[in-house]
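Chemist: Predicted model follows, preceded by the sequence.
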Amino acid sequence: EPEVTQTPSHQVTQMGQEVILRCVPISNHLYFYWYRQILGQKVEFLVSFYNNEISEKSEIFDDQFSVERPDGSNFTLKIRSTKLEDSAMYFCASSLTGARNTIYFGEGSWLTVV
Amino acid sequence: AQKVTQAQTEISVVEKEDVTLDCVYETRDTTYYLFWYKQPPSGELVFLIRRNSFDEQNEISGRYSWNFQKSTSSFNFTITASQVVDSAVYFCALSVANSGYALNFGKGTSLLVTP
């Protein structure tokens, strides 16, 4: 069964460092997403991406964040200068034609900022 | 604005008991989609079901069933004959066109099934 894959599964970084989280969405999917979950809290939407541009973003997704689809398979989330409060599980997700179809999530990348 | 409320923070049941997880949603949109996801202790988000606002038919899948009632804006999830492997956090989520179909999650219900 096709799945969304994410790397790394866990990363520890120092405050102020840049972090890139990588994702390989399901191959025929057209919509890509990043969500985050701070420990013990609900899952929060960050950004959606379609046709090589951001289609929607939340208030959380400020100038410190950026997304990119550098080639035909990868979808990345970059945090330019990490803060302690960026520590969270980051989920990549994809769907075939938007949320009218099912959104499938990867297993998450756990980011710890120290 | 959209909102999903899962009033039950934690539920504990003994194996083989039935358990219902409540989800109440708010939206002004007439077209919307409702989801349930399971998050086991390993952390991943596992899709369980998607329902659109025009389909109020209840669904059963094995031990799982869902009751969608637009009149009460609820989309409740029942596990019949619960098992220890059902222990997880369960999230209800809503998506609407006005928010680009981004998933708006509830805070989740932590279900613990004990032997």
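Modeler: Thanks, I have it.

Chemist: Report the separation between B:Gly62 and chain A.
Modeler: Separation of B:Gly62 from chain A (C-beta to the nearest C-beta, to the nearest Å) stands at 18 Å. C-beta coordinates here come from the backbone N, C-alpha and C atoms, glycine included.

Chemist: what's the answer for B:Leu103, then?
Modeler: For B:Leu103, the distance to chain A - C-beta to the nearest C-beta - is 6 Å.

Chemist: Then B:Thr31?
Modeler: 9 Å.

Chemist: where's residue 76, which helix or strand?
Modeler: I went with chain A, as the question did not name one. strand A:75-79 (DSSP states H and E).

Chemist: The intended chain is chain B.
Modeler: Counting by DSSP H and E, B:Asn76 is part of strand B:74-79.

Chemist: Mean confidence (pLDDT) on the next helix or strand after that strand, please.
Modeler: Remark: after strand B:74-79, the chain's next helix or strand is strand B:88-96, criterion DSSP H and E. Taken as a whole, strand B:88-96 has a mean pLDDT of 95.

Chemist: Give me the distance between the lowest-mean-pLDDT helix or strand in chain B and the centre of its chain.
Modeler: The weakest-scoring helix or strand in chain B, judged by mean pLDDT, DSSP states H and E, is strand B:59-61 (a mean of 86). Between the centre of strand B:59-61 and the centre of its chain there are 13 Å (C-alpha atoms, centre = their mean, to the nearest Å).

Chemist: cool, stretch A:14-32 as well?
Modeler: Counting by C-alpha atoms, centre = their mean, stretch A:14-32 comes out at 5 Å from the chain centroid.

Chemist: Can you verify my assumption that B:Ala97 contacts B:Thr30?
Modeler: No - contact status for B:Ala97 versus B:Thr30: not in contact, 9.8 Å apart, counting by C-beta atoms under 8 Å.

Chemist: higher neighbour count, those two?
Modeler: Set side by side, B:Ala97 and B:Thr30 show more neighbours around B:Ala97, with 14 against 9, by other C-beta atoms under 10 Å in any protein chain shown.

Chemist: what secondary structure does the most centrally placed residue in chain A sit in?
Modeler: For chain A, A:Trp34 is the residue whose C-alpha lies nearest the centre (C-alpha atoms, centre = their mean; 3.1 Å). Put simply, A:Trp34 is strand when judged by DSSP: H, G, I helix; E, B strand; the rest coil.
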